[in-house]
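Trainee: with the input below, show me the fold.
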Amino acid sequence: MGRENGVIYALGFFDGVHKGHQAILQETKALAARHGLRAGVFTYENHPQAVVGGGAPPLLTTAAERRQIFAAQGIEEIVMIPFDRAFAGQSPEEFVQALVSQYNCAGLCCGENFHFGAQAAGDSRLLEQICVRLGLVGRTAPPVLEGGRTVSSTLIRTLLREGRPEEARVCLGRPFSLAGLVVHGDGRGRTMGLPTVNLQPSDGALLPAVGVYAALAQLEDGRLLPGVTNVGLRPTFRTGGGPTVETNILGFREDLYGRRIRLWLCRYLRGEQKFENSALLIRQIAQDSQKAQALLEQDDRGDIHDLF
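Mentor: Purely as a prediction, here's the structure:
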């Protein structure tokens with residue numbers, strides 16, 4: 001290529017860094033190795049739809065999480081910039097030329113549904129044409145299929161909203177997770193002898209379907225502990241407000257207030273129910289706990305990574 005320390009960049013927002021994204025990253029690494037270059041990712045801190053599309057969708061991953069997954073995938077150069085209207089106003093050719101002049105770009109790789117430039121005028125075919133004109137390596141990675149469907153962030157959001165975390169896990173290559181600080185709740189669980197940790201998810205994070213999940217709670221020290229997570233409105237003791245995320249970590253009594261935890265939602269157990277009294281609720285929680293414990297003991301966990 002004649003470009004010293006040049007980088008071949010994978011392009012996209014990569015929300016979730018799912019199997020389809022991972023295929024683009026692996027193709028990028030293979031191209032870089034073939035040409036004696038470095039593999040990189042060029043992406044954005046904020047979702048482009050927040051600027052040009054009328055609002056960003058709920059996100060599967062934060063910017064920090066995407067960085068960690070890129071690094072774990074063996075990406076050497078990560079460029080993550082704010083997406084703003086000035087950037088969105090570039091023509092497709094200006095976009096590529098900026099990568100060459102500012103980021104030592106020697107090649108580009110994207111997925112089939114990638115669009116870029118003002119009003120999303122550029123697509124993967126145009127990107128390859130521009131690369132040829134500028135003497136860059138250009139490649140479009142084929143889509144990844146699971147169950148006859150193209151893996152995408154949109155598909156995964158749909159699966160999670162429908163209470164299908166097992167299928168979302170297949171598409172992501174790991175369980176879906178929520179992370180955040182443990183905050184104070186109303187203490188009702190503790191009065192019933194079933195203390196819970198109340199999670200404050202990251203701003204803009206996708207909340208999955210309301211219901212009860214078998215989950216693994218990952219603590220800052222790396223421990224993975226079995227638990228039962230309720231996502232919803234707690235109809236038995238409804239006190240108003242939005243959805244909550246609270247987890248009974250089985251057999252756990254340590255104080256986690258103000259600490260950061262991650263919840264890996266492995267299995268959907270049931271929908272949220274309203275019970276006539278706390279005794280019936282406690283009985284159901286015991287059944288949920290027993291079922292979750294059995295399911296989580298069988299969980300492989302080999303696809304769970306440290307994202308702290």
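Trainee: domain assignment for the protein?
Mentor: Domain ranges of the chain: 7-143, 176-297, per automatic domain parsing.
Trainee: run the chain-centre distance for the longest one.
Mentor: Put simply, domain 7-143 sits 17 Å off its chain's centre (CA atoms, centre = their mean, to the nearest Å).
Trainee: avg pLDDT for that domain?
Mentor: For domain 7-143, mean pLDDT rounds to 97.
Trainee: ditto for stretch 195-208
Mentor: For stretch 195-208, mean pLDDT rounds to 93.
Trainee: how long is it from one end to the other?
Mentor: 22 Å (CA to CA, to the nearest Å).
Trainee: buried residues of that stretch, list them for me.
Mentor: Across stretch 195-208, burial judged by 16 or more other CB atoms under 10 Å covers 195-199, 201-202, 205-208. No exception for glycine: its C-beta is placed from N, CA and C like everyone else's.
Trainee: just say which of the domains of the chain is most tucked in.
Mentor: Most buried of the domains of the chain, by mean neighbour count (mean count of other CB atoms under 10 Å): domain 7-143, with a mean of 18.
Trainee: now residue 49: closest residue in space, sequence neighbours ignored.
Mentor: Among residues not flanking residue 49 along the chain, residue 56 sits closest, at 5.0 Å (CB to CB, 6 or more residues apart in numbering).
Trainee: I'd guessed that neighbour sits against residue 46; true?
Mentor: Yes. If you go by CB atoms under 8 Å, residue 56 and residue 46 touch, sitting 7.0 Å apart.
Trainee: biggest strand in the protein by residues?
Mentor: strand 260-270 (DSSP state E).
Trainee: tell me which strands that strand pairs with, and in which orientation.
Mentor: Applying DSSP bridges to the sheet, strand 260-270 is found paired with strand 176-183 (antiparallel), strand 211-218 (antiparallel).
Trainee: in JSON lines, list the domains of the chain along with distance to residue 308.
Mentor: Compiled in JSON lines, the domains of the chain are given as follows (distance: least, CB to CB, whole Å):
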{"stretch": "domain 7-143", "distance to residue 308": "9"}
{"stretch": "domain 176-297", "distance to residue 308": "6"}
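Trainee: any idea which of these gets closest to residue 152?
Mentor: domain 7-143 (6.3 Å; CB to CB).
Trainee: please enumerate the helices of this protein.
Mentor: Under the criterion DSSP state H, the chain carries helices at the ranges 19-35, 49-52, 63-72, 85-88, 92-103, 124-134, 153-161, 165-172, 188-191, 278-297.
Trainee: out of these, which is closest to residue 263?
Mentor: The closest of these to residue 263 is helix 165-172. By CB to CB, the value is 11.1 Å.
Trainee: and the contacts of that closest one?
Mentor: Helix 165-172 is contacted from outside by 16, 18-19, 60, 146-147, 151, 155-156, 159-160, 175-176, 208, 213, 265-268, 303, using CB atoms under 8 Å, 6 or more residues apart in numbering.
Trainee: may I have that helix exported as CSV, CA atoms only?
Mentor: Taking C-alpha atoms only, helix 165-172 is exported to CSV below (Å, rounded to 0.1, in the frame of the first residue of the first chain):
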residue,chain,number,x,y,z
PRO,A,165,-33.2,-13.3,25.6
GLU,A,166,-32.1,-16.8,24.7
GLU,A,167,-32.4,-16.0,21.0
ALA,A,168,-30.8,-12.6,21.5
ARG,A,169,-27.9,-14.4,23.2
VAL,A,170,-27.3,-16.5,20.0
CYS,A,171,-27.2,-13.3,17.9
LEU,A,172,-25.0,-11.3,20.3
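Trainee: that one vs helix 153-161, what angle?
Mentor: With axes from the mean of the first three to the mean of the last three CA atoms, to 10 degrees applied, the angle from helix 165-172 to helix 153-161 works out at 160 degrees.
Trainee: could I get the buried residue list for helix 165-172?
Mentor: In helix 165-172, counting by 16+ other CB under 10 Å, buried: 165, 167-172.
Trainee: can I get these in CSV with distance to residue 83 and pLDDT?
Mentor: Output for the buried residues of helix 165-172, formatted as CSV (distance: CB to CB, whole Å; pLDDT from 0 to 100):
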residue, distance to residue 83, pLDDT
165, 29, 98
167, 30, 98
168, 26, 98
169, 29, 98
170, 30, 98
171, 25, 98
172, 23, 98
